[in-house]
Every structure is written in C-alpha cells, then in structure tokens.
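sequence first, then the predicted structure, then my questions.
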Amino acid sequence: MRKTCFVFSCLFTGAVSAANYGPGFKQTMVPVEGGTLSATVGGKGPTVLLLHGYAETAQMWKPLAVALAPRFTVVAIDLPGIGDSSIPASGIDMTTSAKRIHEAFHKLGYERARVVGHDIGLMVAYAYAALYPAEVESLTLMDAFLPGIGAWRDVYDAPNPWHFRFYGHTPETTSRPTGRTRSARPNGRPTPGPMQDPDGWRPASRTSPRFSRPPASSPSSERPGCRCR
C-alpha cells in the first residue's frame, strides 16, 4: 500500500504544466474577459504568437519555441477552455476566443505579432488577423481547413475524416440508423446515409455535386490570410 501511494505521489508531483519549455520561459496566468488564459513566454526579438490545435495545448510548440527563442520572443497561449486556461461560461467560438487572446497578448505588454495557428488554432488565428489586421505582421495557417474559405467542404464532407461529424449533424441525413435495416427510395435503391454518394453506396467522391467549388468571384474563394499582407 505504501509503495502504491508513493508511485501516485511521484506521478502527481512530477506533473508539468500545460506548457513547460524549460529555462528561459515563464508561464503566466492572464485575466481576461470571461476567465484566465495561460501564456508561456520566452526568447528575445520580434514577437511570434503561437496558437495550438484541437486536443492539444501550448506544450505542442515546445520544440519550435526553443528553436525560435534565440531570435524571437515566443508567446504560446492555451486556447480558452483548454490546458491551463479556464473554461469560459459562454463565448467559446473562434471570434470570441481571438478577442480574449488579443486582450491577454496586450496585457503581457505586446502589440504586433507574427501569428501562427495550427489545426483549430488556425481558425482562431484567422479571426485574430481579421479583427486586428494592423497588428499582424504575418499569418501562418497550418494543417486544417478554414470554414467558409475556398474548397473547405471538400475536406469537411470527405469520407475519411469522419470524426469531423462528432457532436454534429451529418450532411446527408439527421436520422439515426436502426440495426442493419436499409430504407429504399421509390426506385428501389437504398437511401444514402452519412458520407455516401446519393448515386450509390460507394464513398462520396469529388465528382459528386455536393463537392462543388464556389465561383472564382465569390468572397468565399478568397485565400486564407490575404488580409494580412
């Protein structure tokens, strides 16, 4: 029993914070509207703001932050509700998250930044750049689509990243499957389910009408980050 307690004690006392980059970096809890944000800051030079992705924390940036520190000031913030940042009672959308991060960034004493967003962090980064274009020196968006921009539905409606539909409706139907039964259309063919082509049971392809791209003149065909040049 004593040995078991000792093991658990070591596990908890040895736990690191959401972002532990080592010497030269400091974690700060910054009060903002609706809660607090965890910011890890270190380095010297022009400021780089790093925003992590889904199911991650600012810890994901550690190798990059350490490499950048000799030439840049690195500010890595846990998105609201993730890592060491508190969970807001309301306003967990990307725009509100960008506003809170902007507030924390200014309270840390910074104004202009090179903003980098990964996965859902890129959506917050884009909102940040759209809200405060004069304060964004450059914008880097990595490893995810940007809803409403370009051919984002090609990715969102594709059959392979099925997990995008967790906790949300499917593009084809809102009904739940029951057992192994299949309903039929008047022509006798099965009714398509989530992520299936209306013309059959094969996975939806890019030739399906659902994968149409916006017209070239449409505002949604605008390239991500173009407001920040």
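Alright, I've got the coordinates.

so what are the domain limits for the protein?
As assigned by automatic domain parsing, the chain contains the domains 16-150+222-228, 159-213.

state the mean pLDDT of the first one.
Right, the one you point to is domain 16-150+222-228. Mean pLDDT, domain 16-150+222-228: 91.

which one's the longest helix in the chain?
Secondary structure of the chain per DSSP state H: the longest helix is helix 94-107.

hang on, residue 60 packs against residue 52?
Yes - counting by CB atoms under 8 Å, residue 60 does reach residue 52; the two are 5.1 Å apart. C-betas here are computed from N, CA, C, even on glycine.

if you count what's nearby, which of these two comes out ahead?
Ranked by neighbour count (other CB atoms under 10 Å), residue 60 and residue 52 place residue 52 first, with 26 against 20.

need the overlap of contacts for residue 60 and residue 52.
Jointly contacting residue 60 and residue 52 under the rule CB atoms under 8 Å, 6 or more residues apart in numbering are residue 118.

can you map out the helices along the protein?
Assigned by DSSP H, the helices in the chain fall at 2-13, 62-68, 94-107, 120-131, 152-156.

check these for me and report the most buried one.
Mean neighbours per residue, mean count of other CB atoms under 10 Å, is largest over the helices of the chain for helix 120-131, with a mean of 24.

so which elements touch that one?
Counting contacts by 3 or more CB pairs under 8 Å, 6 or more residues apart in numbering; DSSP states H and E, helix 120-131 packs against strand 47-51, helix 94-107, strand 113-118, strand 136-142.

what does the shortest one contact?
Taking contacts as CB under 8 Å, 6+ apart, the residues outside strand 47-51 that touch it are 58, 61, 64-65, 68, 72-77, 79, 101, 105, 110, 112-118, 121-122, 124-125, 128.

what angle do that strand and helix 94-107 make?
If you take axes from the mean of the first three to the mean of the last three CA atoms, to 10 degrees, strand 47-51 sits at 150 degrees to helix 94-107.

many thanks, have a good one.
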